[in-house]
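*Asks:* pasting the structure only:
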């Protein structure tokens, strides 16, 4: 194990982890953009610039989207750690053969 309790990854695995992270962030950004655009901007544009109401709506929508994304990430991490602890506990209770 490396510092911080994380396993040491070779270069190819680290590359894969980085690519997956970029893909997940890109997907989140695209979903957020699409969702907030649908909610805040009418389908028929009346002006080339965003109105004040549209801007405020977009700011709030994005803030909420990022907040919930962070909360879900923390909860999934917590559940993953609990699962790991449970598996380790089960492995420790099994009789050695």
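*Replies:* Nice, thanks for sending it over. From a predicted model like this one, the values you see are computed outputs, not experimental measurements. Residues are numbered from 1 along each chain as shown.
*Asks:* Just the helices from the chain, written as ranges.
*Replies:* With helices called from DSSP state H, the chain shows them at 11-40, 52-93.
*Asks:* got the contact list for residue 50?
*Replies:* Neighbouring residues of residue 50 by C-beta atoms under 8 Å, 6 or more residues apart in numbering: 41, 58. Glycine gets a C-beta too; all of them are placed from N, C-alpha and C.
*Asks:* So what does it look like in phi/psi?
*Replies:* Recorded main-chain torsions at residue 50 are phi -70, psi 140, according to degrees, to the nearest 10.
*Asks:* Can you tell me how far it is from residue 65?
*Replies:* 17 Å (C-beta to C-beta, to the nearest Å).
*Asks:* rewinding a little: any idea which of the helices of the chain gets closest to residue 46?
*Replies:* Among the helices of the chain, the nearest to residue 46 by C-beta to C-beta is helix 52-93 (10.3 Å).
*Asks:* Going by contacts, tell me the helices and strands next to that closest one.
*Replies:* helix 11-40 (3 or more C-beta pairs under 8 Å, 6 or more residues apart in numbering; DSSP states H and E).
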